[in-house]
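Asker: need coordinates for the following:
(one chain, ligands or ions: 2)
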Amino acid sequence: MIDLMDVVYCRLGTRDLAGAEWFAVNILGLEVSERRRGAVYFKSDARAHTLCYVEGGADQQATAFEIGSAADLDRAAAVLDGLGHPVHAGTADECDARHVRGFIRFNDPSGNPIEFVLRPETTGRRYHGTRDAGITGFSHVGLCSTDPARDELFWTEVCNARVSDRIGDAPLMRFGTIHHSVALFPFHQPGIQHINHQVQATDDIHRSLAHLRANQVPVTFGPGRHPTSSAQFLYFTGPDGMTFEYSTGVCEIHDEPLWRDRQFHFAPKGFCQWGSAPKIAAFKD
Ligand SMILES: O=C/C=C/C(C(=O)O)=C(/O)C(=O)O
Ligand SMILES: [Fe+2]
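Answerer: Ligands and ions are numbered 1, 2, ... in the order given. Below you'll find the predicted structure:
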């Protein structure tokens, strides 16, 4: 069993690094933590970075999860290799570019590039964006899955994720007490389906709605409330068509092992308690 602790960052390739930075700062509300040749790093909480835009195409995309020790990382590499997932061990330069002490990269069964990372840097300094979006931190990713039942087994049997709820066959999975850190949504191809940041309060959702509208950013879902995590949410489209989500009030699961995953409809009523309908391909039947 590969023990993962949390989702820690996303890397996104873009052909327009300056445009992506503008969006991340002025719309999303992140803080630039560092600029390097061909890469910009963003903070959303005390961690050194939780998002990195790199110059390049979709092949640069990756989602990273923290693993507890160097021995666990070695064991994970052997397990993945044994299961037929070719594993790349991060070089010193690649580790430096990620602010981690070690990592391995492989593709999940759908072909999503995944990194398991050791000792990602934190800063001891809280984040503050120049735009006050009320962000409290990077919280979860949705990944596209070409076969959610198969991929759920990968995340829960090979790794230590636990299913909190399902929407249709789309599992929302946790590593700790937060309702979900990774969710798998059925789609015809792999890719990051959405990136979530938590915000402090309902007010932040509505202030952002006005800000997005004023800046002609496409709002694709919400405001609404997820019946799954009970979080209030707002989804919108960013650079290169990436979906971003703000949410507030995601529930925590403390009654392990009594919690039983619940089944929700893969239809608007399974996605939103308030009746909002998604304009997001992977959230449609
Ligand atoms: O309802 C659809 C999605 C649920 C998700 C998600 O987007 O992964 C949540 O964020 C949630 O339940 O909070
Ligand atoms: Fe989400």
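Asker: show me what from this structure comes close to ligand 2.
Answerer: Residues of the chain found near ligand 2 (Cβ under 5 Å from the ion) are 196, 245. In this view, the C-beta of every residue, glycine as well, is placed from N, C-alpha and C.
Asker: how far does the helix or strand containing A210 sit from the chain's center?
Answerer: Assigned by DSSP states H and E, A210 belongs to helix 202-214. The chain centre lies 21 Å from the centre of helix 202-214; the measure is Cα atoms, centre = their mean, to the nearest Å.
Asker: who touches that helix?
Answerer: Residues from elsewhere that reach helix 202-214, judged by Cβ atoms under 8 Å, 6 or more residues apart in numbering: 27, 29, 131, 133-135, 199, 219, 222-223, 232-234, 236, 246-248.
Asker: how about the nearest residue to T14, chain neighbours excluded?
Answerer: The shortest distance from T14 to any residue other than its chain neighbours is 4.4 Å, reached at A20 (Cβ to Cβ, 6 or more residues apart in numbering).
Asker: so the one you found: helix, strand or coil?
Answerer: helix (DSSP: H, G, I helix; E, B strand; the rest coil).
Asker: what's near enough to touch L143?
Answerer: L143 is in contact with 63, 108, 110, 112, 151, 182-185, 190-193, counting by Cβ under 8 Å, 6+ apart.
Asker: hmm, the residue nearest to T14 is touching V40, no?
Answerer: Yes. The pair A20 / V40 is scored as a contact, 7.3 Å apart, by Cβ atoms under 8 Å.
Asker: overlap in contacts, these two.
Answerer: Common neighbours of A20 and V40, counting by Cβ under 8 Å, 6+ apart, are Y53.
Asker: the closest residue to ligand 1 within the stretch 51-200 of the chain bridge partners, please.
Answerer: Across the stretch 51-200 of the chain, the shortest distance to ligand 1 (Cβ to the nearest ligand atom) belongs to A183, at 3.8 Å. Beta-bridge pairing for A183 (DSSP bridges): G142, L172.
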